[in-house]
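Asker: my questions are about this predicted structure, shown below with the sequence.
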Amino acid sequence: MQRFIYITLLISALFAAIPASAQYTSSNKKAIQTFEQAMSRYQAEELDAANELADKALKLDAKFLEALWLKADIAHKRKDFANEVTVLKQALNLQPKDENTILALGDAFFFDYKNDSALVYYKKVLQLPRITEVNRNRVMKNMANAEFRIYALSHPLDINPKHLGNKVNTVYNDYFPALSANGQTLVYTIELPQTKNNPLLPYTQEDIYITNRAADTLPWQQARSIGAAVNTMNNEGAPYITADGSKLLYTSCTCPDGLIRCCDIYYVELDQAPYFGLPKKFSSPINSDYWESQPCLSADNNTLYFVSNRTGGFGGKDIWYCTRNDNGTWNGPFNCGPKINTSGNETSPFIHADNRTLYFCTDARVGMGGQDIFVSHLNNGEWSEPVNLGYPINTRYDEARLAISVLGNTAIIASNRDTAANRSLDLYEISLPPQIRPSRTIFVEGTVYDKANGNPLKSQFQLVNISTGDTLQTASTEPKYNNILLYLPMGNDYALNVSSDGYMMDSKNFSLKNLDSKVEKITLDIPLEKIATGTTIVLNNIFFETDKYNLRRESDYELGKLVKFLNDNPKIKVEIGGHTDNTGTETHNKQLSQNRAAAIVNYLVSHGIPSARLSSKGYGSSQPAVDNDTPENRAKNRRTEVKVVE
């Protein structure tokens, strides 16, 4: 976990004043002696004793400026901003033009969220005849933040934050949430007291916890450790569940001294949960000799985003990504570039299931304070200018990873916003306003199974965007129910091809255009028949020009799959059958269907399939699959079939 600690400019001046040769604003030797004792206690983090000694020094000399500065800094560390302002105003009365004191007053109001008062003092700094460049940059940055806060606080978002309760949240820091695609499993990191036998670790240890719920509207169950296969005596955290639910990605820091330089990204198989396989470490180019953490895998499993401090970036920690090759190896790493990364730290990437909306945290952009969450959209290969999610998603405190539901309307956030309960980082469920939601995404699930006995099959599938021809996902399925899980953005037509050894191929065509807003999930039924004489399948992704037999470009994907199927099964012979609806004359329909079937045979022959294995037949409207009573049914009757004839 990363913490952000503010140190005033005043304390730097105090440390410079410690040497015996220093010239204090007081000439009272006893006051100076008492003040130097206070500074020693301050350096030892004994703030109560330091504050008491500073008070004694001021009783001996009420104009002792350095003692006032020390008290102001102690108040700042305690977040007692009202007292800090009081003390700094006393100091300002002693030196009305002191640049650091005026700036410190602006900062005290700034950190107390008194943004209008902060702007007053920041403007006073800019009005001084001479100021350092460092202070000028600090003032300009904080003024921009204060002005943003004023706007954001006056335009709050309606997010309805709901604390996840004590079955999930603890008295410790709970953060880095990640949701399963169905929204019923939550994994996250807890920063626990260090109890395992590793004396070289710091006082706390990070472990991954998991909780479940039966439905979105039901409460979360008691969280539990994800188990010894993942959690060790070292630090594990920043978990992420892949969209298909097959893997848990996470970070493990294995240095014996607990330092972060040895943090790398690992994964375990989740198919056998609650029992996991052995953790596996990603190799280069994902992991390196530097620090890697906070993985997030795109819904198509092809792009892995993560955070690293490796060289070649723009700041301290940057967001990087690697892309997967067809053989499972990885390309990269690639930096997300200056639209995302800054001279500061960018962390907590979350790529939504739409594969184009990236949420992330940064401490270097204009915001509410601490580290804020931003969103950027990928358009034509370029990231848009990041937008601050606004208040109250972002607060004066630190926000960490935002885990957004597949539907994009809710999210889980880690925040320490509940100061009244004196909480550390806790998890909250929030509603996402429409203006910061990702693109609408639909959950598509299906089961590939043996048509004869209903048993799930091990298979391979490929998903293609019909209009572009781009392959979006290629994967294998395990023999279990709901073994195909897809998360697809709206607005496209898709083709899904499924194959399994010894079975006929199957193709699906489904559209995510103009869906009713209430539709959240599409279920596909994918029965496969064993290859046998008489077995017939429909090619759902063959497209012709209207009333013509010219194959459209969108058919290339399906035809390529048919070529592969025939090459993989070289002993079978097939008939390509063309069918029409009952519109028009039967003579015309029969000729049209014959020409279309012949066009497919010609394509297959041109791609290496022997003509002796192929035949074509046009059936016209003589064998309707359904009644020709609606436009939808007539569309189903306009089809191309493949039948095994030998």
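Answerer: Yep, it's here.
Asker: who does the residue nearest the centre of the chain form a beta bridge with?
Answerer: In the chain, the residue lying closest to the centroid (CA atoms, centre = their mean) is residue 350, at 1.1 Å. When bridges are called by DSSP bridges, residue 350 pairs up with residue 359.
Asker: looking at it now. What's its pLDDT?
Answerer: What the model reports for residue 350 is a pLDDT of 96.
Asker: for the closest residue to residue 635 other than its chain neighbours, give me its contacts.
Answerer: Nearest residue to residue 635, sequence neighbours excluded (CB to CB, 6 or more residues apart in numbering): residue 581, at 7.7 Å. All C-beta spots, glycine's among them, are computed from the backbone N, C-alpha and C. Applying CB atoms under 8 Å, 6 or more residues apart in numbering, one finds that residue 581 lies in contact with 589, 621, 624, 628, 634-635, 637-638.
Asker: if we can go back for a sec, the residue nearest to the centre of the chain against residue 401, yeah?
Answerer: Yes - the pair residue 350 / residue 401 is scored as a contact, 5.9 Å apart, by CB atoms under 8 Å.
Asker: quick revisit: tell me which of the contacts of residue 581 is nearest to residue 251?
Answerer: For the contacts of residue 581, the minimum distance to residue 251 (CB to CB) is 49.9 Å, reached by residue 635.
Asker: what's the next secondary structure element after the helix or strand encompassing the closest one?
Answerer: Using DSSP states H and E, residue 635 maps to helix 631-637. Per DSSP H and E, the first helix or strand lying C-terminal to helix 631-637 is strand 639-644.
Asker: run through who's touching that next one.
Answerer: Contacts of strand 639-644 (CB under 8 Å, 6+ apart): 504, 531-540, 542, 562, 572-579, 596-597, 600, 625.
Asker: helix, strand, or coil at residue 313?
Answerer: coil (DSSP: H, G, I helix; E, B strand; the rest coil).
Asker: can you pull the pLDDT of it?
Answerer: 95.
Asker: now the strands for the stretch 351-500 of the chain?
Answerer: Ranges of strands in the stretch 351-500 of the chain, per DSSP state E, counting those that start in this stretch, are 357-362, 372-379, 382-383, 387-388, 399-404, 410-415, 426-431, 441-450, 459-465, 471-477, 484-489, 493-499.
Asker: dump the last one to CSV, restricted to CA.
Answerer: Output of strand 493-499 as CSV, limited to C-alpha atoms (Å, rounded to 0.1, in the frame of the first residue of the first chain):
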residue,chain,number,x,y,z
ASP,A,493,-22.6,-8.1,-34.7
TYR,A,494,-20.6,-11.2,-33.6
ALA,A,495,-19.8,-14.6,-34.9
LEU,A,496,-18.9,-17.5,-32.6
ASN,A,497,-17.3,-20.7,-34.0
VAL,A,498,-17.0,-23.7,-31.7
SER,A,499,-15.2,-27.0,-32.4
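Asker: for the stretch 451-600 of the chain, which segments count as helices?
Answerer: Counting by DSSP state H, counting those that start in this stretch, one finds helices in the stretch 451-600 of the chain at the ranges 556-568, 586-606.
Asker: those helices into TSV, with extra columns for mean neighbour count and mean pLDDT?
Answerer: As requested, the helices of the stretch 451-600 of the chain are exported to TSV (neighbours: other CB atoms under 10 Å; pLDDT from 0 to 100):
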stretch	mean neighbour count	mean pLDDT
helix 556-568	18	95
helix 586-606	18	96
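Asker: which among these is found nearest to residue 360?
Answerer: Here helix 556-568 is closest among those (CB to CB), at 34.2 Å.
Asker: what about dumping the CA coordinates of the closest one to CSV?
Answerer: Only the C-alpha atoms of helix 556-568 are listed here, as CSV (Å, rounded to 0.1, in the frame of the first residue of the first chain):
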residue,chain,number,x,y,z
ASP,A,556,-14.7,-15.2,-45.1
TYR,A,557,-14.4,-16.0,-41.4
GLU,A,558,-17.0,-18.8,-41.5
LEU,A,559,-15.8,-20.2,-44.7
GLY,A,560,-12.3,-20.3,-43.3
LYS,A,561,-13.5,-22.3,-40.4
LEU,A,562,-15.3,-24.7,-42.7
VAL,A,563,-12.1,-25.2,-44.7
LYS,A,564,-10.3,-26.0,-41.5
PHE,A,565,-13.0,-28.4,-40.4
LEU,A,566,-12.8,-30.3,-43.7
ASN,A,567,-9.0,-30.4,-43.5
ASP,A,568,-9.1,-31.7,-39.9
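Asker: so residue 509 touches residue 494, yeah?
Answerer: Yes - assessed by CB under 8 Å, residue 509 is found in contact with residue 494 at 7.4 Å.
Asker: quickly list what's touching both of those two.
Answerer: With CB under 8 Å, 6+ apart, residue 509 and residue 494 have common neighbours residue 466.
Asker: which one's more surrounded, these two?
Answerer: Each of residue 509 and residue 494 has its neighbours counted (other CB atoms under 10 Å); residue 494 has more, 21 against 17.
Asker: burial measure for the spatially closest residue to that one that is not a sequence neighbour, as a count.
Answerer: Nearest non-adjacent residue to residue 494, counting by CB to CB, 6+ apart: residue 510, 5.7 Å away. The number of residues packed near residue 510 is 16, by other CB under 10 Å.
Asker: check what pLDDT residue 510 gets.
Answerer: Looking at residue 510, the pLDDT reads 87.
Asker: what does residue 200 give?
Answerer: 54.
Asker: please apply the same query to the one 5 residues further on.
Answerer: In this model, residue 205 is scored at 85, pLDDT.
Asker: quick one, domains of the chain?
Answerer: 9-154, 162-436, 440-530, 532-646 (automatic domain parsing).
Asker: close enough to count as contact, residue 504 and residue 531?
Answerer: Yes - contact criterion CB under 8 Å: residue 504 and residue 531 qualify, at 5.8 Å.
Asker: okay, these two: which has more neighbours?
Answerer: Higher neighbour count among residue 504 and residue 531: residue 504, with 24 against 16, using other CB under 10 Å.
Asker: pull the contacting residues for that one.
Answerer: Here residue 504 is in contact with 528-531, 535, 537, 565, 642, 644 (criterion: CB under 8 Å, 6+ apart).
Asker: sorry, back to before: which one, of the strands of the stretch 351-500 of the chain, ends up nearest to residue 65?
Answerer: strand 372-379 (35.4 Å).
Asker: mean confidence for the closest one?
Answerer: Mean predicted confidence for strand 372-379 is 95.
Asker: what's the answer for stretch 474-491, then?
Answerer: 85.
Asker: shouldn't residue 109 be within a helix?
Answerer: Yes - assessed by three-state DSSP, residue 109 belongs to a helix.
Asker: isn't it right next to residue 118, touching?
Answerer: Yes - between residue 109 and residue 118 there is a contact under CB under 8 Å: 3.9 Å.
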